[in-house]
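Engineer: What would the 3D arrangement of this be:
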Amino acid sequence: MRIIVSATLGGFSAGTWYAVNTARRLVSRGHEVLYIPRPAGESARRAESAGLQVTSDIDLEKKSPRRAYRNLRTLLNLMTSFGPDVVLAHGSGDHSFWGLARLIGDRRMSLIRVRALDPKPPRRHALARWLHHKATDAVVTANTRHYAYYRSALAIPAERMRIIGGGIDPEDFRDTGDDAFRSNEISLPDGRRIVVLLARFAPVKGHRVLLTAASRIRERHSDAHFLLIGRAAAYNGDQLRRWTFEMNLQGAVTIVDRPLPSIPALLARCAIGVVASVGSETVSRALLEYLASGLAVVATDVGGVPDLLSRGEFGRLIPPDNSAAMAAAVSDLLDNDERRRRMGEAARAYVLGNCTWDQRVDEWERLLYETIARVRGRDIAPLNDGEPPGGCQESPPAVVLDGPVR
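Structural biologist: Sure, this is the predicted structure:
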């Protein structure tokens, strides 16, 4: 199958992480994939480092009349030269341009809209309705909230929708011994129970909410230590350090703002994983990694978080932007080490059994074949000498994508 993954998304966001990982695993299944990133940016570099075939001469974010005309001509030429069976459109600009190209050009090509980045509901205006109903064959969302938005706001039929979340590589969460931990060159105090927040340094990720809660948590648990790992975004690590000083939390917080060789090794030393976001989390990579590491979790009710935490087996779900609720939930988990251990074991077993990238690509292949067959009015031959798509496949080689990006 020939697939174009059109993902002109900014930076190396969770949406780009989702798009790159989906694309390279489709390649590992024998499909031919062409990846279209934002030109000359971080997302293009990451896609190339993942071994993807990348074209960087298209900028679907440029919408001046002249540029829009050039973009449309380029996409129409790609439809002829590459001959895609299906296009996965991850950004709104990607979706609009490919929708027009499909209606003008080869209607046999399938178009699938993928929403794994933007947490906002889809727009309801007439152009959005036309694009989704006349030019789009399926919509994939990364969580049930977005699924419900599309069903209600745009009346997309259920048979044309799927929920396919992000995944994890089980191999990444096996080598978590002391040697791997020491390779991170991070000094953490002995005998402390570590509460970790893994997220880029941006207001939407709720770092200040957790730091405000930290003082209350330490009133009940003086051995609690807080580990904040991320990369500079709206602010940098120095801003977080100023906050810890203003809140009199010196010695109780470790801030890591540089790339690390082994995030799983570090998580294995922690007691609780925290998602403190006040929004975002369309694909919560950090949440998946906490659970795969066997951590009980305290997380806010945003994005796709409730899909994994709503029943309470793996941790506590709390309202966003509520430091009192955060302090109470973390303190309650620290009160009972055995309960926290059981939650972590259940979380790890669930994620390793249900949320691996191999399983996600099985879901993608089923959707791709079904969609193409529906558009063309007949089946297309699957790969692997007639074997059905999916099943147990050899995983692609690991790609080091340096630095925590959540």
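Engineer: When you work out contacts or count neighbours from here on, use the C-alpha atoms and nothing else.
Structural biologist: OK.
Engineer: Strands of this structure, start to end?
Structural biologist: Taking DSSP state E, the strands of the chain run over residues 2-7, 32-37, 53-54, 86-89, 110-115, 138-141, 161-163, 193-198, 224-229, 253-256, 272-275, 296-300, 315-318.
Engineer: The ones you listed into CSV, with extra columns for mean pLDDT, distance to Asp335 and mean neighbour count?
Structural biologist: Compiled in CSV, these are given as follows (pLDDT from 0 to 100; distance: least, CA to CA, whole Å; neighbours: other CA atoms under 10 Å):
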stretch, mean pLDDT, distance to Asp335, mean neighbour count
strand 2-7, 96, 44, 23
strand 32-37, 96, 47, 24
strand 53-54, 95, 50, 17
strand 86-89, 97, 46, 26
strand 110-115, 96, 39, 26
strand 138-141, 97, 37, 24
strand 161-163, 97, 36, 18
strand 193-198, 97, 11, 24
strand 224-229, 97, 11, 22
strand 253-256, 95, 20, 19
strand 272-275, 98, 12, 28
strand 296-300, 98, 13, 27
strand 315-318, 96, 13, 24
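Engineer: Need these in JSON lines (columns: distance to Ser43).
Structural biologist: Listed next are the strands of the chain as JSON lines, based on distance: least, CA to CA, whole Å:
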{"stretch": "strand 2-7", "distance to Ser43": "9"}
{"stretch": "strand 32-37", "distance to Ser43": "6"}
{"stretch": "strand 53-54", "distance to Ser43": "11"}
{"stretch": "strand 86-89", "distance to Ser43": "15"}
{"stretch": "strand 110-115", "distance to Ser43": "17"}
{"stretch": "strand 138-141", "distance to Ser43": "20"}
{"stretch": "strand 161-163", "distance to Ser43": "24"}
{"stretch": "strand 193-198", "distance to Ser43": "20"}
{"stretch": "strand 224-229", "distance to Ser43": "21"}
{"stretch": "strand 253-256", "distance to Ser43": "23"}
{"stretch": "strand 272-275", "distance to Ser43": "24"}
{"stretch": "strand 296-300", "distance to Ser43": "27"}
{"stretch": "strand 315-318", "distance to Ser43": "32"}
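Engineer: nearest to Gln359, of those strands?
Structural biologist: strand 161-163 (12.8 Å; CA to CA).
Engineer: Which strands and helices lie in contact with the closest one?
Structural biologist: The contact analysis (3 or more CA pairs under 8 Å, 6 or more residues apart in numbering; DSSP states H and E) places strand 161-163 against strand 138-141, helix 144-153.
Engineer: on contacts alone, who are the packing partners of the longest one?
Structural biologist: Using 3+ CA pairs under 8 Å, 6+ apart as the contact definition, the elements that helix 144-153 packs against are strand 161-163.
Engineer: Give me the contacts around the strand it packs on.
Structural biologist: Strand 161-163 has contacts (CA atoms under 8 Å, 6 or more residues apart in numbering) with Ala138, Val139, Val140, Thr141, Ala142, Asn143, Thr144, Tyr147, Leu367.
Engineer: residues contacting the fourth one?
Structural biologist: Thr141 makes contacts with Val114, Arg115, Ala116, Tyr147, Met161, Arg162, Ile163, Ile164, Gly165, as judged by CA under 8 Å, 6+ apart.
Engineer: gap between it and Pro121?
Structural biologist: 11 Å (CA to CA, to the nearest Å).
Engineer: just the third one next, same as before
Structural biologist: Spatial separation of Val140 from Pro121 under the definition CA to CA is 14 Å.
Engineer: Quick check: Ser43 touching Tyr18?
Structural biologist: No: with contacts defined as CA atoms under 8 Å, Ser43 does not count as touching Tyr18, sitting 11.3 Å away.
Engineer: more crowded one of these two?
Structural biologist: Comparing Ser43 with Tyr18 by other CA atoms under 10 Å, the one with more neighbours is Ser43, at 24 against 21.
Engineer: Next up, the contacts around that one.
Structural biologist: If you count contacts by CA under 8 Å, 6+ apart, then Ser43 has Leu9, Gly10, Gly11, Phe12, Thr16, Pro37 around it.
Engineer: Looking at the second one now. What's its pLDDT?
Structural biologist: When you say that, I think you mean Gly10. pLDDT for Gly10: 72.
Engineer: Mark out where each domain of this protein begins and ends.
Structural biologist: With domains defined by automatic domain parsing, the chain comprises 2-167+356-376, 170-354.
Engineer: returning to what we had before: in CSV, list the contacts of strand 161-163 along with distance to Thr80.
Structural biologist: Listed next are those as CSV, based on distance: CA to CA, whole Å:
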residue, distance to Thr80
Ala138, 22
Val139, 24
Val140, 26
Thr141, 29
Ala142, 31
Asn143, 34
Thr144, 36
Tyr147, 33
Leu367, 24
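Engineer: excluding its backbone neighbours, what's nearest Ala47?
Structural biologist: Val20 (5.9 Å; CA to CA, 6 or more residues apart in numbering).
Engineer: My guess is the one you found contacts Ala50. True?
Structural biologist: Yes: Val20 sits in contact with Ala50 when judged by CA under 8 Å, with a separation of 7.5 Å.
Engineer: Comparing these two, which residue is more hemmed in?
Structural biologist: Val20 (25 against 19).
Engineer: all helices for the stretch 101-250 of the chain, in order.
Structural biologist: 126-134, 144-153, 178-182, 207-220, 237-246 (DSSP state H, counting those that start in this stretch).
Engineer: chain center to the last one, what's the gap?
Structural biologist: Counting by CA atoms, centre = their mean, to the nearest Å, helix 237-246 is centred 27 Å from the centre of its parent chain.
Engineer: Give me the residues contacting it.
Structural biologist: With CA under 8 Å, 6+ apart as the criterion, helix 237-246 contacts Phe201, Arg208, Leu211, Arg231, Gln250, Val253, Ile255, Val256, Asp257.
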